[in-house]
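Engineer: next comes the sequence, and after it the predicted model I'd like to discuss.
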Amino acid sequence: MMGRILQELYYGNVRPSEKQFLRNTPFDRAMHTLADSEQRLMEALEGEEKRLLLDMSSAQGEISGVTAMESFICGFRLGARIILEIMSEDDGCLIDIED
């Protein structure tokens with residue numbers, strides 16, 4: 001099993017960041033609100049203000065991407081630490097009774 005997941009990862013077939021969201025969920029509604037608000041602001045602004053909104057939106061997108069990546073890495077590392085601790089048998093004060 002482990003060989004398969006590593007092989008799939010190597011060939012680029014494992015992409016946990018690629019997800020599709022469900023319609024009519026809080027996420028979907030928030031995405032629509034964001035897109036609608038941005039569109040309305042773009043129509044209301046001109047020149048420098050419009051450029052500032054675009055710069056702010058772009059920077060927020062970059063921040064969100066970095067945050068998502070860092071959260072993924074932290075979660076993956078935590079999972080690996082949990083596995084290592086589970087595999088360790090010499091961290092307790094009780095031992096099995098030998099027959």
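Structural biologist: Good, I have the coordinates. Everything numeric in this text was worked out from a predicted model, so none of it was measured.
Engineer: report the distance from the helix or strand where Thr67 lies to the chain centre.
Structural biologist: Here Thr67 sits within helix 47-87, counting by DSSP states H and E. Put simply, helix 47-87 sits 6 Å off its chain's centre (CA atoms, centre = their mean, to the nearest Å).
Engineer: I'd like the average pLDDT over that helix.
Structural biologist: Mean pLDDT, helix 47-87: 94.
Engineer: just checking, what packs against that helix?
Structural biologist: On a contact count with 3 or more CB pairs under 8 Å, 6 or more residues apart in numbering; DSSP states H and E, helix 47-87 meets helix 26-44. C-beta: built from backbone N, CA, C; applies to glycine.
Engineer: what helices or strands is the helix it packs on leaning on?
Structural biologist: helix 47-87.
Engineer: any idea of the angle the helix it packs on forms with helix 26-44?
Structural biologist: Here helix 47-87 runs at an angle of 160 degrees relative to helix 26-44 (axes from the mean of the first three to the mean of the last three CA atoms, to 10 degrees).
Engineer: what's the neighbour count on Lys50?
Structural biologist: 14 (other CB atoms under 10 Å).
Engineer: got it, and Glu38?
Structural biologist: When neighbours are counted by other CB under 10 Å, Glu38 registers 13.
Engineer: got it, and the one 4 residues further on?
Structural biologist: A total of 14 residues lie near Met42 under the criterion other CB under 10 Å.
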